[in-house]
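Trainee: With the input below, show me the fold.
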Amino acid sequence: MNNPPVESGSRPKTDRTYNVFESTPEGLTLSLNFESNRGKLPWPVSEGVVTGNFGVQKVSAGVNRKYDGITITCKTNIPVRCVADGIVTSILELGGYQCVVVRHGKYLSVYSQVDGVKVSKGQEVKAGTLLANVAEVADDEFELEFQVMNNGNGRYENPTSWLKPR
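Mentor: Numbering: from 1, shown residues only. Sure thing, here's the model as predicted:
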């Protein structure tokens, strides 16, 4: 059996599930670019140590906590940069800190526990754009909460699988 001819310039069909955020050429391009960079995205901060891992973590005997992202502990309030091209969809106040949400097609990157936000809602950003600074969460303790969400299935994904190895 012969495969049907593929028109010039079109992509072969795959089993990929498309999302409403990919209904425009721009949205689809952002999603596909984000997906093609899995494991290669830059870290949102230039230094720091992952002190909170994605998934269920034991807090104490019989007490577990589910982390939807990672916590990166830094020595100072260093700059937080966007990991991929996208559009700032929200700037929120959460628990005394700020949070910046960037849409990359059907994906979201979320930067929580930041201060001094440098972008505005609706702004197009590129990978490396300065978003804010890491917030001080205790005396001389600075932490960034970083999450990646697939809005296609509503699930948080392990951010370290998206970031390039350090």
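Trainee: and the spatially most central residue of the chain, how far is that from residue 64?
Mentor: Closest residue to the average C-alpha location of the chain: residue 109 at 2.3 Å, with C-alpha atoms, centre = their mean. Per C-beta to C-beta, to the nearest Å, residue 109 is found 25 Å from residue 64. Glycine gets a C-beta too; all of them are placed from N, C-alpha and C.
Trainee: Show me the shaky parts of the protein.
Mentor: Within the chain, the stretches with pLDDT under 70 are 1-15.
Trainee: so where do the strands sit in it?
Mentor: Listed in chain order, the strands of the chain (DSSP state E) span 49-52, 55-60, 63-67, 70-74, 79-81, 86-94, 97-104, 107-115, 124-125, 130-138, 141-150, 155-157.
Trainee: Just tell me which of the ones you listed ends up closest to residue 30.
Mentor: For residue 30, the closest of the strands of the chain is strand 97-104, at 4.8 Å, according to C-beta to C-beta.
Trainee: Quick check: bridge partners of the nearest residue to residue 77 once chain neighbours are set aside?
Mentor: Excluding the flanking residues, the one nearest residue 77 by C-beta to C-beta, 6 or more residues apart in numbering is residue 133, at 4.4 Å. Residue 133 has these beta-bridge partners by DSSP bridges: residue 79, residue 115.
Trainee: before we move on, the earlier item: enumerate every residue touching the residue nearest to the centre of the chain.
Mentor: Shown in contact with residue 109 (C-beta atoms under 8 Å, 6 or more residues apart in numbering): 44, 82, 83, 84, 86, 101, 102, 146, 147, 148.
Trainee: Likewise for residue 74?
Mentor: The contact partners of residue 74, taken as C-beta under 8 Å, 6+ apart, are 45, 47, 48, 134, 142, 143, 144.
Trainee: One more: residue 162?
Mentor: 37, 38, 39, 41, 83, 148.
Trainee: for residue 115, same thing?
Mentor: Contacts of residue 115 (C-beta under 8 Å, 6+ apart): 77, 97, 98, 132, 133, 135, 136.
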